[in-house]
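Participant: Sequence and predicted structure below; questions after.
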Amino acid sequence: MDITIRVEQKRDYRAAEEVTREAFWNHHVPGCDEHYLLHILRSAAVFIPALSMVAEREGEIVGHIAYAKSFVIGDDGQKHEVLTFGPVSVHPDSQSQGIGSRLIETTLKKAVGMRHAAVMIYGDPAYYERFGFLPGKTFGIAASDNFWIPSLQGLELVPGTLKKVGGGRFFEDEIYHVDENEAALFDLGFAPKEKKEGLPSQQHFLKLLSQRTPRGME
């Protein structure tokens, strides 16, 4: 069946949040808060509506991706705007069909057309390397706490953009620091789901988090 990738409309909001919840539930941690993040991200100044896109199949939303502005502060104190995306979600019933890849590839191409120069994300390197993402360390860019983190990755939409920074730290907007209590209250508006612990995806997520090393200590 054909998949249509298009810009998200207000009528899609709830369906996109449902898909995001289904995609992330128990994936990184018991439960999830990514659907709440998506909900509040849309009202943030850093949100980029033109790059908030859905994957639609026969009138049903089966995938979604959201983008926001973020920045790198170079070691020289200069601030450099970059993009970040996430959450990017595909409903479990529609995963492993290339939908997530289409969402990412379509929006990255559109971002180039909008003259954005680079993207920095947190994600599984084993997945994102297929799109050309490289470890932040390749560009000398660490996380905001000045640690190297394998899940921090960058992609130059304009060649040389990140390399020219000459080293620095990546910062997401404060909107990404989700209030757990507010997220839990928001989740009450959705159908109850069981929280589970110790799943392989959660163990993999913890492994990625554990591989942090202080910058300058390598």
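Facilitator: Yes, it's here. Numbering: from 1, shown residues only.
Participant: List the residues that contact the nearest residue to residue 29 once chain neighbours are set aside.
Facilitator: Nearest residue to residue 29, sequence neighbours excluded (C-beta to C-beta, 6 or more residues apart in numbering): residue 202, at 6.3 Å. Yep, even glycine has a C-beta here, placed from its N, CA and C like the rest. Neighbouring residues of residue 202 by C-beta atoms under 8 Å, 6 or more residues apart in numbering: 26, 27, 28, 29, 30.
Participant: The fourth one - how many residues pack around it?
Facilitator: Yep, that's residue 29 we're talking about. 16 (other C-beta atoms under 10 Å).
Participant: and it, what helix or strand is that in?
Facilitator: For residue 29, there is no helix or strand it lies in under DSSP states H and E.
Participant: Tell me who's in contact with the residue nearest the centre of the chain.
Facilitator: With the centre of the chain defined as its mean C-alpha position, the nearest residue by C-alpha atoms, centre = their mean is residue 86, 2.2 Å away. Counting by C-beta under 8 Å, 6+ apart, residue 86 touches 65, 66, 121, 122, 123.
Participant: Redo the residues you listed as TSV? Include pLDDT.
Facilitator: Below are the contacts of residue 86 laid out as TSV (pLDDT from 0 to 100):
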residue	pLDDT
65	98
66	98
121	98
122	95
123	94
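Participant: Pull out the buried residues from those residues.
Facilitator: The neighbour-count test (16 or more other C-beta atoms under 10 Å) marks 65, 66, 121, 122, 123 as buried among the contacts of residue 86.
Participant: Which neighbouring elements make contact with the strand or helix carrying the third one?
Facilitator: Taking DSSP H and E as the definition, residue 121 sits inside strand 118-122. Using 3 or more C-beta pairs under 8 Å, 6 or more residues apart in numbering; DSSP states H and E as the contact definition, the elements that strand 118-122 packs against are strand 79-90, strand 152-156.
Participant: all helices for this protein, in order.
Facilitator: 13-24, 34-41, 99-113, 125-128, 180-187, 200-210 (DSSP state H).
Participant: out of those, which comes closest to residue 70?
Facilitator: With C-beta to C-beta as the criterion, residue 70 lies closest to helix 34-41 of the helices of the chain, at 11.9 Å.
Participant: So which elements touch that closest one?
Facilitator: helix 13-24, strand 60-74, strand 79-90, helix 180-187.
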